[in-house]
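Chemist: no sequence for this one, just the structure:
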């Protein structure tokens, strides 16, 4: 209870007791403290105090120069608390070590009895004590109880949050266990529609977790490649295959440990098999994503990809396939070519030579020539854009032109001879492309104009890259 509540209670008790228990005797005051009998009226102008230790009221005459003191020395010696009342002033005295000291002007507690009663009632309402719950015999305020409940709830939520943050490995184990109940049905192709959705949900959740490199390593250590991804690739459901390939790509991307595990467990052959046998564009697109994640920056995996017919299969894709698949195949070859070109930029001589030895085992450039990749790329350029120029200009579907042009520019040091061999069919197409984009037959927006300028610059760069001879460069 607040200190000002005590003041009002004491003050009010004096007033009430004075009205309730009057007697006919009169208190005769001196300059010494005297006990005032209960119910005896106290004349005005006296110095009055209440001794909490004895429970008695004491009074004496006021000295002319006397000031109202906080606590009388005799009361201090008896460890008492006293409230000194003056006809015109009332001040709370408390010498006990209390963290809250209340200081009020001496005029601040000059109130009539009715107002004191009203204020006391209001204070009681504000205090709001829950008397139905006692702690060591004392009433506990509702606010304390409310704070405790809030604290317990907050502690539970923080504990739950901690579990979520630190339990990725437990989540992986849980998804492994869930998948095991569907494993045989996935391979046999006997899943119900509801079970298919449940398996897809497991794969989606795993894919989300495996974007973190550490989780992907744990997944690999738990043999997730063989226990989860392999059964999905061996199954018949295309949606599950597609999600499993995405999961494989997420796990292997920029993660050498998973890449090595995938190579060790023949996943390059497995993915190439799905790529060559599936007719679903989404599945085949995910195959290229998974292959890219496994073999990038990994010469040993690139050699396995070439040895298992990867370049022949890519040649078939460039010869006749969907545009989306052709673009992904060209991007992968382009990235592998840039990897080798970047070796020359390694500053440390010993490290550069070591890397070059590692990449040399793939015999990548010679294999490209041997499998007619340069010829297939240039033929695709002629085939696509010889027909395109017959139609009206459109900014749409320029991505393919950008991808194939970039690929031809990047591979030109390897393919320059092959490109020149079909110069008479390839050069007119490039010249017509330049003329076509330099003279659009429709009014263009600002954004379309910017795209057009970029395309013109790209085609001019392509023309220089594939037809400029060493003599021209001098």
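Modeler: Yep, it's here. What you are looking at is a predicted structure, and each value in this text was computed from that prediction instead of being measured. Numbering: from 1, shown residues only.
Chemist: give me the phi and psi for residue 46.
Modeler: Residue 46 adopts backbone torsions of phi -100, psi 160, taken as degrees, to the nearest 10.
Chemist: nope, residue 58 is what I was after
Modeler: phi -120, psi 150.
Chemist: so where's the stretch 201-350 of the chain uncertain?
Modeler: Scanning the stretch 201-350 of the chain for pLDDT under 70 picks out nothing.
Chemist: mind listing the helices for the stretch 151-300 of the chain?
Modeler: For the stretch 151-300 of the chain, the helices defined by DSSP state H, counting those that start in this stretch occupy 168-180, 183-188, 193-209, 213-221, 224, 230-234, 238-252, 256-264, 267-277, 281-295, 299-307.
Chemist: avg pLDDT for the first one?
Modeler: Translated: helix 168-180. For helix 168-180, the mean pLDDT works out to 92.
Chemist: so what touches the helix or strand where residue 358 lies?
Modeler: Per DSSP states H and E, residue 358 falls inside helix 349-360. Under the contact criterion CB atoms under 8 Å, 6 or more residues apart in numbering, helix 349-360 has outside partners 299, 300, 339, 340, 343, 344, 346. To be clear about C-beta, it is placed using only N, CA and C from the backbone, and glycine gets the same treatment.
Chemist: tell me the contacts of the fifth one?
Modeler: Okay, so that is residue 343. 352, 355, 356, 359.
Chemist: for residue 204, same thing?
Modeler: Shown in contact with residue 204 (CB under 8 Å, 6+ apart): residue 243.
Chemist: measure it to residue 197 for me?
Modeler: In this view, residue 204 and residue 197 are 10 Å apart by CB to CB, to the nearest Å.
Chemist: same deal with residue 449?
Modeler: 48 Å.
Chemist: please apply the same query to residue 224.
Modeler: Distance, residue 224 to residue 197, by CB to CB: 21 Å.
Chemist: comparing the two, which residue is more hemmed in?
Modeler: The residue with more neighbours, out of residue 224 and residue 197, is residue 224; 24 against 12, by other CB atoms under 10 Å.
Chemist: how about residue 36, phi and psi?
Modeler: Taking degrees, to the nearest 10, you get phi -100, psi 120 for the backbone angles of residue 36.
Chemist: what's around it, how many residues?
Modeler: For residue 36, using other CB under 10 Å, the count is 19.
Chemist: residue contacts, it?
Modeler: Taking CB under 8 Å, 6+ apart, one finds 27, 42, 48, 56, 57, 58, 59 in contact with residue 36.
Chemist: any idea what sits nearest it, other than its immediate chain neighbours?
Modeler: residue 57 (4.5 Å; CB to CB, 6 or more residues apart in numbering).
Chemist: ok, now residue 332?
Modeler: Nearest to residue 332 is residue 292, by CB to CB, 6+ apart, at 5.1 Å.
Chemist: swap in residue 178?
Modeler: residue 202 (5.5 Å).
Chemist: all helices of the stretch 301-450 of the chain, in order?
Modeler: In the stretch 301-450 of the chain, the helices defined using DSSP H, counting those that start in this stretch lie at 310-319, 323-342, 349-360, 364-370, 373-388, 399-421, 423-438, 446-467.
Chemist: got those helices as CSV, with distance to residue 32 and mean neighbour count columns?
Modeler: Shown next, in CSV, are the helices of the stretch 301-450 of the chain (distance: least, CB to CB, whole Å; neighbours: other CB atoms under 10 Å):
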stretch, distance to residue 32, mean neighbour count
helix 310-319, 115, 19
helix 323-342, 105, 18
helix 349-360, 103, 12
helix 364-370, 115, 16
helix 373-388, 120, 18
helix 399-421, 108, 18
helix 423-438, 117, 16
helix 446-467, 103, 15
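Chemist: redo those as JSON lines? Include distance to residue 260.
Modeler: Below are the helices of the stretch 301-450 of the chain laid out as JSON lines (distance: least, CB to CB, whole Å):
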{"stretch": "helix 310-319", "distance to residue 260": "18"}
{"stretch": "helix 323-342", "distance to residue 260": "17"}
{"stretch": "helix 349-360", "distance to residue 260": "14"}
{"stretch": "helix 364-370", "distance to residue 260": "20"}
{"stretch": "helix 373-388", "distance to residue 260": "27"}
{"stretch": "helix 399-421", "distance to residue 260": "27"}
{"stretch": "helix 423-438", "distance to residue 260": "41"}
{"stretch": "helix 446-467", "distance to residue 260": "36"}
